[in-house]
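> predicted model and sequence below, questions to follow.
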Amino acid sequence: MTIPVPTGSHPFATKPAEDVMGGFRLAVCAEMVFIDRPFAERVERIAALGFEAEMWGWPGKDIDALVKTGATISSMTGYLGGTLDDAGGAEELVRTARQALAVAERLGCARLNLHGTGLDDRGLPVVPTAVVTPRMWLTAARTLGRLAEMGERAGRVFTLENLNTAVDHPGTPFARAADTLALVEAVGSPHLRLNLDLYHAQIGEGNLVELVERALPVVGEIQVADVPGRCEPGTGEIHYPAVAAALRRLGYDGVVAFEGWASGDPETALDRFRRAFG
């Protein structure tokens, strides 16, 4: 599967990842490791260890310093606020997504991540939803279609991430992998893909290898962490080497990103992540 990658003027826009495991590349979320360091130093250390780097929102971050690290920023949050499923919230989401695209251009970042609704700083939905109506489904699909068109014009890909509502994100609409997959398939654009988060999927749905097989045609990225605890592979119940074997068997050549906490020393945690997918 080929994911569109921007080829703009940014010097690192097409830099190949140094860490290639059976065709796919490894990345690490800089929001959750080396947390005692300034953010640009976290990214620099992740890159020095041979990984691509991921980030959440851009406000408060020194974008120029991130560019100077020379790191490949493979994913970032694609909005600041708003929702997918109502008209007013959708306008706010689209407005802030335009801002995200401008930052992504500076960083050479290929993918911009979305959720079923805006999340606050605790990961909770800004508009909790108990029941998702047919009208909300339709509005969400239309909003995602608009974002895909924006991504196409900018040479970027938006990704829609599944979440779990049992532990981390209660009240979030369109949270299950089955929901995000249905929306991505309904839009049918190569500029809207699925960010398949297997940590969230294990809590919400399970059957991870079967889920990967079902979703892979529209996957833009895969994120991982173990359950329980959201730490590196090998600290919980998920047998990630089996997932890695399935990805190699299926020919996946995109990014696998560790979005989790280090259970102890961060470099040891990242080595365990690398070995799980090596």
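All right, it came through fine. Every value quoted in this text rests on a predicted model; they were computed, and no experiment measured them.
> Ala104 reaches Leu112, doesn't it?
Yes. Applying Cβ atoms under 8 Å as the test, Ala104 and Leu112 come out as touching, 5.7 Å apart. For the C-beta atoms, the positions are set from N, CA and C on the backbone; glycine is no exception.
> what sits in contact with each of the two?
Listed as contacting both Ala104 and Leu112 by Cβ atoms under 8 Å, 6 or more residues apart in numbering are Met76, Gly78, Arg156.
> doesn't Glu41 lie inside a helix?
Yes. Glu41: assigned to a helix according to DSSP: H, G, I helix; E, B strand; the rest coil.
> and it, how many neighbours?
For Glu41, the tally of surrounding residues (other Cβ atoms under 10 Å) stands at 14.
> leaving out sequence neighbours, find the closest residue to it.
Of all residues not flanking Glu41 in the chain, Phe34 sits nearest, at 7.3 Å (Cβ to Cβ, 6 or more residues apart in numbering).
> the helix or strand that Ala53 is a member of pairs with which strands, and in what direction?
Taking DSSP states H and E as the definition, one finds Ala53 inside strand 52-54. Applying DSSP bridges, strand 52-54 is found paired with strand 24-29 (parallel), strand 73-77 (parallel).
> which among the ones you listed is found nearest to Gly264?
Nearest of the strands paired with strand 52-54 to Gly264, taken as Cβ to Cβ: strand 24-29 at 15.6 Å.
> what does the closest one contact?
If you take Cβ under 8 Å, 6+ apart as the criterion, strand 24-29 is touched by 17, 19, 46, 49-56, 72, 74-75, 222-223, 247-248, 252-260, 270, 273-274, 277.
> filter those residues down to just the ones in strands.
Using DSSP state E, the subset of these located in strands is Glu52, Ala53, Glu54, Ser74, Ser75, Ile222, Gln223, Val255, Val256, Ala257, Phe258.
> which one of the residues you listed has the most neighbours?
Most neighbours among the ones in strands among the contacts of strand 24-29, by other Cβ under 10 Å: Phe258, with 30 neighbours.
> on that earlier part again, for Ala186, state which of the shared contacts of Ala104 and Leu112 is nearest.
Gly78 (18.5 Å).
> for Thr172, grab the count of nearby residues.
With other Cβ under 10 Å as criterion, Thr172 counts 25.
> and what about it, helix, strand or coil?
Here Thr172 is recorded as coil under three-state DSSP.
> let me know the pLDDT of the closest residue in space to it that isn't next to it in sequence.
Nearest residue to Thr172, sequence neighbours excluded (Cβ to Cβ, 6+ apart): Pro125, at 4.6 Å. Looking at Pro125, its pLDDT reads 87.
> could you check how far Pro125 is from Gly171?
5 Å (Cβ to Cβ, to the nearest Å).
> higher neighbour count, the two?
Each of Pro125 and Gly171 has its neighbours counted (other Cβ under 10 Å); Pro125 has more, 21 against 15.
> bridging residues for the more buried one?
Per DSSP bridges, the residues bridged to Pro125 are Leu119.
> point to the helix or strand of the protein where mean pLDDT is at its lowest.
When the helices and strands of the chain are scored by mean pLDDT, DSSP states H and E, strand 20-21 comes last with a mean of 50.
> helix or strand: which one has Leu112?
Secondary structure from DSSP H and E places Leu112 in strand 111-114.
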